[in-house]
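**Student:** here is my input, please return the structure:
(one chain, ligands or ions: 1)
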Amino acid sequence: MERSDRAAVTVTWLKKHRPIYIGATRHPFTLAIRDGSVDFSSFKRWLGQDYLFVRAFVPFLASVLVKAWKETDDDADVDVILGGIATLNDEIAWFKREASKWDVSLDSIVPQQTNLDYCRFLESLMSPDVDYAQAISAFWAIEAVYQESFAHCLEDDSKTPEALKETCRRWGNDGFGHYCRALQSLANQQLQKASEEVVAKAEVNFLRVLELEVDFWNMSRGTT
Ligand SMILES: Cc1ncc(CO)c(N)n1
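**Tutor:** Numbers count the residues shown, from 1 in each chain. As a prediction, the model looks like this:
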């Protein structure tokens, strides 16, 4: 592909891998939240596992911040990522409150294999050998799946149970949507300048994120 054809690499990926993306963002678990049929024990399992995931997401974000600081000239990238880190601080406090509401004891959650696999993937991206283009595009994909999944649960015709709406709003709100578009545009900027090899690696990572997201929803549903 010519450089000029790659104005928005992430848009190309979304078109090319549409069925897989839909599989992650219209998963039976989140569709069950949306139609009100979700089993609360599945929700509680998701809550506990996602808390562990988000804890592992903190050092990953910190590593993306360091890469942005090293590899970009203006402050825009660092500012967007720093905003993400600030949100994560609130998110961890929210998980603790939500868990106590649902009687989920966060201290005794054992990470399931899927979660360990996902955290290991994050760790692989934290290596200094992985460039910023790869890290920021994976970061965007991870956030975008949650944004699309939970925004769908808040549409007018959804029957999301009242007790789950706050969770859906956390990732489905317009502000988070705006943040995801900002990440997507940072990813596009980097991918546009990146070598063919880096773009190819980033596309593999994108697919791996989608696969891990599907596995994560499956785990929450108790089907793995
Ligand atoms: C598994 C997973 N993917 C994405 C997000 C979004 O931050 C999250 N909290 N958990």
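
**Student:** and the residue in the chain positioned nearest to the ligand, what does it touch?
**Tutor:** Of all residues in the chain, the one sitting closest to the ligand is Y146 (3.8 Å; C-beta to the nearest ligand atom). From N, CA and C alone the C-beta is placed, and that goes for glycine too. Taking C-beta atoms under 8 Å, 6 or more residues apart in numbering, we find Y146 in contact with W171.

**Student:** can you tell me how far the residue most central in space within the chain is from T10?
**Tutor:** The residue lying closest to the centre of the chain (C-alpha atoms, centre = their mean) is I142, at 2.3 Å. I142 is 13 Å from T10, where distance means C-beta to C-beta, to the nearest Å.

**Student:** chain center to the helix or strand where L52 lies: distance?
**Tutor:** Remark: L52 resides in helix 40-71, with elements defined by DSSP states H and E. Mean C-alpha position of helix 40-71 versus that of the full chain (C-alpha atoms, centre = their mean, to the nearest Å) differs by 8 Å.

**Student:** and what of stretch 131-140?
**Tutor:** Centre-to-centre, stretch 131-140 and its host chain are 12 Å apart (C-alpha atoms, centre = their mean).

**Student:** quick check, that stretch touching the ligand?
**Tutor:** No - figure legend: stretch 131-140 not in contact with the ligand (C-beta under 6 Å from any ligand atom); closest approach 9.4 Å.
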